[in-house]
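Enquirer: show me the folded form of this:
(one chain, ligands or ions: 1)
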Amino acid sequence: MNENIHFIEKRVTTKNLAPGKTVYGERLLQYEGEEYREWDPYRSKFAAAIRKGLKQTPIEPKMRVLYLGAASGTTSSHVSDIVGEEGIVYCVEFSPRVMRDLLRVCESRPNMIPILADARFPEKYRMFIGPVDVIYQDIAQPAQAIILVDNAKLFLKSGGYAVLAIKARSIDSTKEISLIFSEEINILKKSGFEVKENIESLKPFDKDHCMVIGQFIA
Ligand SMILES: C[S@@+](CC[C@H](N)C(=O)[O-])C[C@H]1O[C@@H](n2cnc3c(N)ncnc32)[C@H](O)[C@@H]1O
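Expert: Now for the predicted structure:
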């Protein structure tokens, strides 16, 4: 799948960029003389999507990734493992309390750049970020697709990818879930994205998200 992601004993793992260190209590495993971190699909929607059959992960070694909604670093630390020491993960998070935990993770991972900012206003952090290969977004906000598109217009290279975890219940608590997902996906399509994959259900790992991979053809 990817040189820094391995399945060890049926578990998804990433090669640990900070050997000996864990981020959220995950298991460390040895494989061919290297250390890997178990990537828990119950804690990370990206790992859940891989377990649910995601065909390709658009995140590769050496890439630059803009991560919106980095929280305390659970998934973004695995993204940091995948891009490796020659890649960069710009970690945008708007909660100062959560950012304190994220800073501790960034201390041992020089490729993670913490940015305390609101993803709804990308022009406020544009001076810190160059063009990126991928935008990963996992924020519980009512206008998820629009926030992604606004960030893509400023930062995403043409041909770059978006990985979007859509939370239906943050967008509308009354509408049919499948309708909410298709409305968000239509916003992406109208804004220059080609949808490459859609994992419609992350069950049993997560009950109310879908995961969409889109390519930006702008
Ligand atoms: C579901 S959590 C993300 C979990 C994370 N992706 C992971 O798997 O480790 C969503 C995070 O997005 C942050 N968030 C929500 N709205 C945001 C916004 N407008 N800008 C930046 N961060 C936001 C929240 O504070 C929260 O930490």
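Enquirer: any idea what the residue nearest to Pro19 when sequence neighbours are not counted is bridged to?
Expert: Of all residues beyond its chain neighbours, the one nearest Pro19 is Glu35 (4.8 Å), with distances taken as C-beta to C-beta, 6 or more residues apart in numbering. For every residue, glycine as well, the C-beta is placed using N, CA and C. When bridges are called by DSSP bridges, Glu35 pairs up with Gln30.
Enquirer: export the host helix or strand of Thr14 to PDB, keeping only CA atoms.
Expert: Element membership for Thr14, per DSSP states H and E: strand 11-15. Output of strand 11-15 as PDB, limited to C-alpha atoms (Å, rounded to 0.1, in the frame of the first residue of the first chain):
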ATOM      1  CA  ARG A  11      -3.200  -4.800  12.300                       C
ATOM      2  CA  VAL A  12      -2.600  -1.500  10.400                       C
ATOM      3  CA  THR A  13       0.700   0.100  11.600                       C
ATOM      4  CA  THR A  14       2.900   3.000  10.600                       C
ATOM      5  CA  LYS A  15       6.700   3.100  10.900                       C
END
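Enquirer: work out which residue lies at the spatial centre of the chain.
Expert: In the chain, the C-alpha nearest the mean C-alpha coordinate belongs to Tyr136, at 3.6 Å (C-alpha atoms, centre = their mean).
Enquirer: and after the strand or helix carrying that one, which helix or strand comes next?
Expert: When elements are assigned from DSSP H and E, Tyr136 belongs to strand 132-137. Per DSSP H and E, the first helix or strand lying C-terminal to strand 132-137 is helix 144-155.
Enquirer: now for that next one, which elements pack on it?
Expert: With contacts taken as 3 or more C-beta pairs under 8 Å, 6 or more residues apart in numbering; DSSP states H and E, helix 144-155 sits against strand 64-68, strand 132-137, strand 156-167, helix 177-190.
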